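**Q** Here is my input, please return the structure:
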Amino acid sequence: LRRLLPPRLVETVWPYTAVYSEHYKQTIMERFREGSVRWLLCTDAAGMGCDIPDIDMSIIYGVQDLGSAFQKGGRAARDATRTGRMIWLVE
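**A** Numbers count the residues shown, from 1 in each chain. Here you go, the predicted model:
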């Protein structure tokens, strides 16, 4: 996916899964919190313990039931003063 992006956006999108090293995951999560990484393409590895108040949108794919989708979508708008959106992609 990153290869398809315009050069100015390449550094704003990064994968985040359990297969990456702890150093990589810490670096990417820190950059996400700071705002230089705008999109994480991730598995549940990013969601566990993720409590970032200014996430506005969560796009979910591959969840089989409504309860799990809402739990994962709940990563958005952790700050009670914000509005979050969840997009649930289903087949």
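
**Q** and the lengthiest helix in the chain, how far from the chain's centre?
**A** Assignment by DSSP state H gives helix 22-34 as the longest helix of the chain. Between the centre of helix 22-34 and the centre of its chain there are 12 Å (C-alpha atoms, centre = their mean, to the nearest Å).

**Q** can you check stretch 38-54 too?
**A** 4 Å.

**Q** any idea which residue sits dead centre in the chain?
**A** Nearest to the geometric centre of the chain sits residue 40, at 4.2 Å (C-alpha atoms, centre = their mean).

**Q** Quick one: list the elements packing against the longest helix of the chain.
**A** Helices and strands touching helix 22-34, by 3 or more C-beta pairs under 8 Å, 6 or more residues apart in numbering; DSSP states H and E, are strand 13-16. Every residue, glycine included, has its C-beta placed from N, CA and C.

**Q** Just the CA trace of the strand it packs on, in PDB.
**A** Extracted in PDB, the C-alpha atoms of strand 13-16 (Å, rounded to 0.1, in the frame of the first residue of the first chain):
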ATOM      1  CA  VAL A  13       1.100   5.300   6.900                       C
ATOM      2  CA  TRP A  14       2.800   2.300   8.700                       C
ATOM      3  CA  PRO A  15       1.900  -1.300   9.400                       C
ATOM      4  CA  TYR A  16       1.700  -2.400  13.000                       C
END
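
**Q** For that strand, which residues meet the burial criterion?
**A** Residues 14-16 are the ones in strand 13-16 that count as buried (16 or more other C-beta atoms under 10 Å).

**Q** so which helix or strand takes in the residue nearest to the centre of the chain?
**A** strand 39-42 (DSSP states H and E).

**Q** Tell me which other helices or strands that strand touches.
**A** Secondary elements touching strand 39-42 (3+ C-beta pairs under 8 Å, 6+ apart): strand 13-16.

**Q** lowest average confidence, helix or strand, in the chain?
**A** The least trusted helix or strand in the chain, going by mean pLDDT, DSSP states H and E, turns out to be helix 44-47, with a mean of 68.

**Q** Quick one, grab the pLDDT at residue 48.
**A** With respect to pLDDT, residue 48 scores 63.
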